[in-house]
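Chemist: here is my input; please provide its structure:
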Amino acid sequence: MKKFLFAALLALSGRAFARIPSPAFDPPESGNHVAVLAGGCFWAMQGTFQHVKGVVSATAGYAGGAAANANYRAVSAGNTGHAESVKIVYDASHISYGKLLEIFFSIAHDPTEIDRQGPDEGPQYRSEIFATDEMQKKTAESYIAQLERAKVFHGKIATKVSLLPAFYPAEDYHQNFETLHPYYPYIVINDLPKISHLKRDYPGLYTSTPSPY
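Modeler: Coordinates of the predicted model:
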């Protein structure tokens, strides 16, 4: 019954996934680094990047606001300045920052939507790249300009780029939500198709074993 429900709900998902060029500007790095990205519900963002090879860990959380209101109840009100985000620790010997951005733009969310993703609305679901240093900021801005020139999306890219003020992990019950609840209808309709497209479009980067948080 669960397998039937999964197949039926998956068929309802109509999100179009874009095939996009890789970043022309993607400076080499070594060792482990941190990327913080926001693109809608953090369940999907965490779940998607947990299946990318080279990702050491992916943690759901909040970025953009202050520590005092970095909790789900406050952020859900939409007036804290926070965005639901994912903190990605990645091994640069296996995957680059630019390649993470490529997956972010092509698989993890729709970068043309403003303050929403799918059924979720509000500034807490905005598309934003929280760069951890000036090089990440330059890489992100350069890539957005490249994608705009290539006109690969149906509308203008709405993704903001800013320097990360701080990242606050979300509550434990939000962590690994996609992995722990694969038949939850919201996950099946909105999130699992992203894993399927990651496996199809980036087979060399896909891993069936999710990274920890």
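
Chemist: now for P21: which residues touch it?
Modeler: Q146, L147, A150, V152 (C-beta atoms under 8 Å, 6 or more residues apart in numbering). Yep, even glycine has a C-beta here, placed from its N, CA and C like the rest.

Chemist: between those residues, which has the most around it?
Modeler: Most neighbours among the contacts of P21, by other C-beta atoms under 10 Å: L147, with 22 neighbours.

Chemist: for the helix or strand where that one lies, buried residues please.
Modeler: Here L147 sits within helix 134-150, counting by DSSP states H and E. By neighbour count with 16 or more other C-beta atoms under 10 Å, helix 134-150 contains the buried residues Q136, K137, T139, A140, S142, Y143, I144, Q146, L147.

Chemist: hmm, the last one is touching F105, no?
Modeler: Yes - at 6.5 Å, L147 and F105 qualify as touching, with contact defined as C-beta atoms under 8 Å.

Chemist: need the residues touching each of those two.
Modeler: I20, I157.

Chemist: from G54, how far out is the most centrally placed residue in the chain?
Modeler: The chain has M45 as the residue nearest its centroid, 3.6 Å off, counting by C-alpha atoms, centre = their mean. Using C-beta to C-beta, to the nearest Å, M45 is found at 16 Å from G54.

Chemist: returning to what we had before: any idea which of the contacts of P21 is closest to G39?
Modeler: Nearest to G39, judged by C-beta to C-beta, of the contacts of P21 is L147 at 14.3 Å.

Chemist: and that closest one, what does it touch?
Modeler: I20, P21, F105, F153, I157.

Chemist: still on that earlier bit, switch the contacts of P21 over to JSON lines; also include distance to L164 and pLDDT.
Modeler: Putting the contacts of P21 into JSON lines (distance: C-beta to C-beta, whole Å; pLDDT from 0 to 100) gives the following:
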{"residue": "Q146", "distance to L164": "22", "pLDDT": "98"}
{"residue": "L147", "distance to L164": "22", "pLDDT": "98"}
{"residue": "A150", "distance to L164": "27", "pLDDT": "97"}
{"residue": "V152", "distance to L164": "26", "pLDDT": "95"}
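
Chemist: on that earlier part again, mind putting the buried residues of helix 134-150 into JSON lines with distance to Y90?
Modeler: Output for the buried residues of helix 134-150, formatted as JSON lines (distance: C-beta to C-beta, whole Å):
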{"residue": "Q136", "distance to Y90": "12"}
{"residue": "K137", "distance to Y90": "17"}
{"residue": "T139", "distance to Y90": "13"}
{"residue": "A140", "distance to Y90": "15"}
{"residue": "S142", "distance to Y90": "19"}
{"residue": "Y143", "distance to Y90": "16"}
{"residue": "I144", "distance to Y90": "20"}
{"residue": "Q146", "distance to Y90": "21"}
{"residue": "L147", "distance to Y90": "21"}
